[in-house]
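Trainee: fold the following.
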Amino acid sequence: MNKYDSNKIISYLLKSSKNYILVNSLLKSNIIILNTCSVRQKAQDKLFNYLNKIKNIKINNPNLILLVGGCVATQEKEKLFLKFKYIDIIFGPQNIKDIFFLINDFIKYKKKIIKIDFNNKINKDINFFLKDKNYINNTYVTIMEGCNKFCSYCIVPYTRGKQISRDPMSIISEICYLSNKGISEVNLLGQNVTAYSSFLSNGKKCNFSYLLNLISEIDGIKRIRFITSHPNDFTKDIISCYKNNNKIMDFLHLPVQSGSDRILKIMKRNYTINFYKKIIYKLLCIRPKMIFSSDFIIGFPTESDYDFRLTLDLINDVKFDNSYAFLYSPRKGTKSYDMKNDISLLKKKNRLYMVQDLLYKNSIYWNKKILNSKQEILVEGLTKKNDFYYGRCSNNKIIYLKKKKHINLIGKIIKVNILYEKNNFLYGKFNYNI
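Mentor: Have a look, this model is predicted:
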């Protein structure tokens, strides 16, 4: 979401005026924009450290305009001005489109500006597509923003606002536009995409499964991915899409957070592990080769050794791949913030290492499952040294293959023989003579 928002910021400014150009050095900048995340304390600490580094740049260049946007801006608001007096503009995630005007007003009036709104609609512009090398063949498309779940540990509903679903025809128009630009894969984006709910122009309800099917009818779009989902909204009609819609990839990121029903209840996740596993089982019955990833919060208040063991058991049972595991991070304003943090940092870290080690072993397990097989990949780009192409399988595994001179594979969907694994990376071979 933050990468997507950052690209919108860049695009809006470049399209608003020819006077804006991207530079690759802070010292050469007239404007510095920091787009922030507040899901974990670590991300917020990074912002504060970065702002301290920028202080000297600002002293040496008093005309430099410094903006802070995103979720930390929404969370801290005026407190950022008090702590970092050299910040000029603060804006929220839903004020990205205002950024050009905010900068102009600051230049004109030389007064600090704060603009944080929670709108009841999502911007419908489709003209922020960037011809960036990372967006030649696949890209993200926001279909909804905000969240209504209010999990006890999560700051998102307070910084992103209530759940808002975008108009389906606006989404289809944007994806058609992207398809005409050569995009063949879209990744639908939102805090909880499976809760998507809107209406068509004829008044008919459009839920997430209906939207998936609408998108699959666009000829140029060959692959559909989405992130992120909530188990409680992963309904039968969405599961059925995996049976009837072959453009949806064989990979699902479905956050579970803990393997313990007791901890899930305190987290206010409102489902059980048995309920979660049934979703996995139903999908595997339809697509036996499907791979799953998830999110895990380690060291949530009152998490016992037994609760943690249940999380390890779940990871081992489902064989989660490429998942995210974090130490619990208390966020002020959430319901769990005032809970007693009764687990030592050492124990939390030891638990985190155990989870990460198991996830790493799972990754190797899935790598070995596709060795010596033929996989269809979408070639996304080149490595930094320009010596290998890389692309993604249907199951989200990244494959590297040796580049051949004078042949450009970027954006193409090709069949690759998976030859070997090295340092948990998969390497394949493509027959360039075909």
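Trainee: low-confidence regions, the stretch 301-434 of the chain specifically.
Mentor: 433-434 (pLDDT under 70).
Trainee: which residues of it fall in helices?
Mentor: Using DSSP state H, counting those that start in this stretch, the helices of the stretch 301-434 of the chain run over residues 305-318, 345-369.
Trainee: can you add mean neighbour count and distance to Leu34 and give those back as JSON lines?
Mentor: (Glycine included, C-beta is placed from N, CA and C.) Compiled in JSON lines, these are given as follows (neighbours: other Cβ atoms under 10 Å; distance: least, Cβ to Cβ, whole Å):
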{"stretch": "helix 305-318", "mean neighbour count": "17", "distance to Leu34": "34"}
{"stretch": "helix 345-369", "mean neighbour count": "15", "distance to Leu34": "28"}
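Trainee: quick check on the residue nearest to Tyr4 when sequence neighbours are not counted: phi, psi?
Mentor: The shortest distance from Tyr4 to any non-neighbouring residue, by Cβ to Cβ, 6 or more residues apart in numbering, is to Tyr140 (4.6 Å). Reported as degrees, to the nearest 10, the phi and psi values for Tyr140 are phi -90, psi 150.
Trainee: re the thing from before, would you list the helices of the stretch 301-434 of the chain in TSV and tack on distance to Tyr109?
Mentor: What follows is those, written out as TSV (distance: least, Cβ to Cβ, whole Å):
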stretch	distance to Tyr109
helix 305-318	53
helix 345-369	47
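Trainee: so which of these is nearest Glu421?
Mentor: Nearest to Glu421 among these is helix 345-369 (4.9 Å), distances taken as Cβ to Cβ.
Trainee: sorry, back to before: the residue nearest to Tyr4 pairs with what?
Mentor: Beta-bridge partners of Tyr140, counted by DSSP bridges, are Asn187.
Trainee: number the residues from 13 up from this point.
Mentor: With the count now opening at 13, the last piece we talked about shows up as Tyr152.
Trainee: and the gap between Ile291 and Ile250?
Mentor: In this view, Ile291 and Ile250 are 9 Å apart by Cβ to Cβ, to the nearest Å.
Trainee: quick one: contacts for the residue nearest to Tyr16?
Mentor: Going by Cβ atoms under 8 Å, 6 or more residues apart in numbering, Tyr152 touches 15-16, 198-201.
Trainee: I'd like these as TSV, with pLDDT, neighbour count and distance to Asp57 appended.
Mentor: Formatted as TSV, the contacts of Tyr152 follow (pLDDT from 0 to 100; neighbours: other Cβ atoms under 10 Å; distance: Cβ to Cβ, whole Å):
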residue	pLDDT	neighbour count	distance to Asp57
Lys15	84	11	20
Tyr16	83	14	23
Val198	95	25	33
Asn199	95	16	28
Leu200	96	21	31
Leu201	94	21	25
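Trainee: and which of these is nearest to Asn214?
Mentor: The closest of the contacts of Tyr152, once distances to Asn214 are taken by Cβ to Cβ, is Leu200, at 22.6 Å.
Trainee: how many residues are close by Lys216?
Mentor: 9 (other Cβ atoms under 10 Å).
Trainee: and it, how far from Gln269?
Mentor: Going from Lys216 to Gln269 by Cβ to Cβ gives 34 Å.
Trainee: distance to Ile71 for the contacts of Tyr152 - can I get that in JSON lines?
Mentor: Shown next, in JSON lines, are the contacts of Tyr152 (distance: Cβ to Cβ, whole Å):
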{"residue": "Lys15", "distance to Ile71": "30"}
{"residue": "Tyr16", "distance to Ile71": "33"}
{"residue": "Val198", "distance to Ile71": "44"}
{"residue": "Asn199", "distance to Ile71": "41"}
{"residue": "Leu200", "distance to Ile71": "44"}
{"residue": "Leu201", "distance to Ile71": "38"}
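Trainee: with respect to Ile33, which of those residues is nearest?
Mentor: Proximity of the contacts of Tyr152 to Ile33 (Cβ to Cβ) peaks at Lys15, which lies at 20.6 Å.
Trainee: Glu186 reaches Ile155, doesn't it?
Mentor: No - contact between Glu186 and Ile155 fails when scored by Cβ atoms under 8 Å: they sit 9.6 Å apart.
Trainee: so for these two, which residue has more residues nearby?
Mentor: Ile155 (25 against 22).
Trainee: separation between that one and Arg172?
Mentor: 14 Å.
Trainee: how about Ile425?
Mentor: In this view, Ile425 and Arg172 are 34 Å apart by Cβ to Cβ.
Trainee: repeat that for Asn47.
Mentor: Between Asn47 and Arg172 the distance is 13 Å, computed by Cβ to Cβ.
Trainee: ok, now Leu92?
Mentor: Here the criterion is Cβ to Cβ. By it, Leu92 lies 18 Å from Arg172.
Trainee: ok, the two, which is more surrounded?
Mentor: Neighbour totals were compared for Leu92 and Arg172, and Arg172 leads with 23 against 20 (other Cβ under 10 Å).
Trainee: please look at that one and Cys166 and confirm they touch.
Mentor: No - checked against Cβ under 8 Å, the pair Arg172 and Cys166 is beyond contact range at 10.1 Å.
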